[in-house]
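Colleague: next comes the sequence, and after it the predicted model I'd like to discuss.
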Amino acid sequence: MVNPQRILDDCGLLSASVVPVHGGDINQAYCVSGGGAKYFLKVNDAKLYPGMFEKEARGLAALHDKTGLVVPGILKVGNLDQQQYLVMEWMEPGKPATNFWENFGSLLAGLHRQKQEYFGWEEDNYIGSLPQVNTIADSWPLFFADCRIMPLVRRLFDENSFSKRDITTAEILCKKLDQLFPGEPPALLHGDLWSGNYMVAANGHAAVYDPAVYFGHREMDIGMTSLFGGFDQRFYTAYDEAFPLETGWRERLQLTQLYPLLVHALLFGGHYISNAKEVMTRYAWAP
């Protein structure tokens, strides 16, 4: 791993101090102090995850431009000695405001109103350490099937985690998607909005980071928020007041969680494999 001080020199932070902090499974991370400011530095292998931080920076920029949620600003993204790095604004934790959850829900609703004419994104990116395909499509069922469900199901089959019957179940499910999802225009999504990817910022409101952005069905973000817990009911109430969800959204929650379950099945195996199979079976074979 490259010496972080060399990266800081490359960024013009010549006299900054560096302290290691927790940065996830694939990154080395540091708190950088210098020039009267603090920054967050992430470093990983450019060969293993090509373009990861450039794509992350563009995703953060898209969120920063389109939402009132706190989003860290980018100082620099670059490569050095076969390592890639991202230097961004340091986010100081704060005490939650009394309306923290209401504000969070209404601001996410505002983000989801940022619509586009197509589903997908201008480039492929990452969700966690897994490449995320964002090929543009005209309909959500087509995009969800071709870019979210079937590629991961086939990979799980190739790794002997899924059977031929699981492939068949996934194909049947994909043929039913236009009946399962209500028709809505594409919305700008965070894409990986679980409890580990937000914090209480210094102003008492929500800060978000580590996005996997794309234009998709907005219920995908809602499903992710409830997959691993950590979001208060006031969040959902405020969201629904600001941008009412279509009837039956709670019954579709597990369907919107299928993609992250497949991601986790590939990355971690274990019970995520059986969980993904159960969700596919529920929606594929239900009358």
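Modeller: Thanks, I have it. Numbers count the residues shown, from 1 in each chain.
Colleague: report the buried residues of the host helix or strand of K175.
Modeller: Here K175 sits within helix 164-180, counting by DSSP states H and E. By neighbour count on 16 or more other C-beta atoms under 10 Å, the buried set for helix 164-180 is 166-167, 169-170, 173-174, 177, 180. Backbone N, C-alpha and C define where each C-beta goes, glycine included.
Colleague: take the residues you listed and lay them out in JSON lines including distance to E54.
Modeller: As requested, those are exported to JSON lines (distance: C-beta to C-beta, whole Å):
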{"residue": "D166", "distance to E54": "35"}
{"residue": "I167", "distance to E54": "34"}
{"residue": "T169", "distance to E54": "37"}
{"residue": "A170", "distance to E54": "32"}
{"residue": "L173", "distance to E54": "34"}
{"residue": "C174", "distance to E54": "31"}
{"residue": "L177", "distance to E54": "32"}
{"residue": "L180", "distance to E54": "35"}
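Colleague: which of those residues lies closest to K42?
Modeller: Checking these against K42 by C-beta to C-beta gives A170 as the nearest, at 34.0 Å.
Colleague: quick check: pLDDT value at the residue nearest the centre of the chain.
Modeller: Residue closest to the mean C-alpha point of the chain, counted by C-alpha atoms, centre = their mean, is D192 at 2.0 Å. Residue-level confidence at D192 comes out at 97, pLDDT.
Colleague: hang on, it in a helix?
Modeller: No - counting by DSSP: H, G, I helix; E, B strand; the rest coil, D192 is located in no helix; its state is coil.
Colleague: not counting sequence-adjacent ones, nearest residue to it?
Modeller: Of all residues not flanking D192 in the chain, A212 sits nearest, at 4.2 Å (C-beta to C-beta, 6 or more residues apart in numbering).
Colleague: separation between the one you found and P182?
Modeller: 23 Å (C-beta to C-beta, to the nearest Å).
Colleague: out of those two, which sits in the busier spot?
Modeller: The neighbour count for A212 versus P182, taken as other C-beta atoms under 10 Å, is higher for A212 (24 against 13).
Colleague: ok, that one - contacts?
Modeller: 59, 125-128, 132, 190-192 (C-beta atoms under 8 Å, 6 or more residues apart in numbering).
Colleague: how about I167?
Modeller: Counted by C-beta under 8 Å, 6+ apart, I167 has contacts 153-154, 157.
Colleague: likewise for I74?
Modeller: I74 touches 57, 60-61, 86-89, counting by C-beta under 8 Å, 6+ apart.
Colleague: out of those residues, which sit inside strands?
Modeller: Using DSSP state E, the subset of the contacts of I74 located in strands is 86-89.
Colleague: for those residues, which one is nearest V19?
Modeller: V87 (14.4 Å).
Colleague: leaving out the residues flanking it, which one is nearest to the closest one?
Modeller: L75 (4.2 Å).
Colleague: my read: that neighbour touches Y85, true?
Modeller: No - using C-beta atoms under 8 Å, L75 makes no contact with Y85, being 10.3 Å away.
Colleague: looking at the two, which has the bigger crowd around it?
Modeller: Neighbour count, other C-beta under 10 Å: between L75 and Y85, Y85 has more, with 25 against 18.
Colleague: OK, contacts around that one?
Modeller: By C-beta under 8 Å, 6+ apart, the contact list for Y85 reads 2, 7, 41-43, 53, 76-79.
Colleague: cool, L156 as well?
Modeller: 162, 166, 262, 265-266, 273, 276.
Colleague: where's it, which helix or strand?
Modeller: L156 belongs to helix 150-158, assigned by DSSP H and E.
Colleague: wait, a strand at the residue nearest to V87?
Modeller: Yes - according to three-state DSSP, L75 belongs to a strand.
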